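Trainee: got a sequence here, can you build the structure:
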Amino acid sequence: MPNNPPQSRPQLTLDQLRAKHALAQVQTVTGESWRSDYRSYVRGMPLTLRLNGLGQFIALQMAQSSGTKGAAHQAALAHILQWLGHGWGSSPYKRDATQADQAITPGQQFLSKLTEQNEADMLRAQRELMAYLKWLKTFAEALLPAKETEPVETAKGAGNAATS
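Mentor: Predicted coordinates:
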C-alpha cells in the first residue's frame, strides 16, 4: 500500500475569497427583520459606486446608516469595510489597531486613509469593491426575500411577449 501524503486544500482564488466572505456576511442577516431592506439596498450599491466613486460612496453609506433604515445600512457598510480592511489581503486600507479603541469609526478611518493614498491605490480599491459587491448582491438576491414593492427582474433574453 503506497504511502500517500495527506491532500492539502487548494488555495482559494481572490474571487473565491470574495464569494466566501460575501456569503458569510449575507447569512448573518437572514434572520433579521430588516433583511429585505438590506437586499434592496445592496442591489443598488454597484451603480452608486460607479456613479460616485469610492470616497463619496463610503461617505454616502455612512450618512445613510443613521437614517430610518439604519440597521440594514450599518450592516452593509460594516460588511464592505470589513472586506476592504481585512478580507482583501493586499488592501492599503487595513484598520489601524492603534485607533481601534478610539472614537474614530471604521468608516472615518477608511476615508482618512483613502485621502492619503495615491490614485492608483484608490482605483484598485474601487475595482476590488465592485468585484466584491457582485458577490454580495448575488447572495443577497438569492438568500433574502424581496420587498413587496421591489421590481422583479426577468431573465435576460426573455422579452415582453404580448399574449394574443
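Trainee: what sits up against the strand or helix carrying Ala78?
Mentor: According to DSSP states H and E, Ala78 maps onto helix 70-82. Helix 70-82 is contacted by residues 21-22, 25, 28-29, 32, 34-35, 37-38, 41-42, 45, 58, 61-62, 64-67, 106-107, 110, 129, 132-133, 136 when judged by C-beta atoms under 8 Å, 6 or more residues apart in numbering. Where C-beta positions appear, they are placed from N, C-alpha and C, glycine not excepted.
Trainee: whichever of those residues end up buried, select them in ChimeraX.
Mentor: Only the buried entries of the contacts of helix 70-82 go into this ChimeraX selection, using 16 or more other C-beta atoms under 10 Å:
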select :21,22,25,29,34,35,37,38,41,42,45,58,61,62,64,65,106,107,110,129,132,133,136
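Trainee: what comes up buried for stretch 131-145?
Mentor: Residues of stretch 131-145 classed as buried: Ala131, Tyr132, Leu133, Trp135, Leu136, Lys137, Phe139, Ala140, Leu144 (neighbour count, 16+ other C-beta under 10 Å).
Trainee: could those residues go into CSV alongside secondary structure, distance to Met122 and pLDDT?
Mentor: Output for these, formatted as CSV (DSSP: H, G, I helix; E, B strand; the rest coil; distance: C-beta to C-beta, whole Å; pLDDT from 0 to 100):
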residue, secondary structure, distance to Met122, pLDDT
Ala131, helix, 15, 96
Tyr132, helix, 15, 97
Leu133, helix, 16, 98
Trp135, helix, 21, 98
Leu136, helix, 20, 98
Lys137, helix, 22, 98
Phe139, helix, 26, 98
Ala140, helix, 26, 97
Leu144, coil, 30, 96
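Trainee: can you tell me which of those residues lies closest to Leu114?
Mentor: Distance to Leu114 across the buried residues of stretch 131-145 (C-beta to C-beta) is lowest for Tyr132, with 16.0 Å.
Trainee: these two touch, right, the closest one and Lys20?
Mentor: No. At 11.1 Å, Tyr132 does not count as touching Lys20 under the criterion of C-beta atoms under 8 Å.
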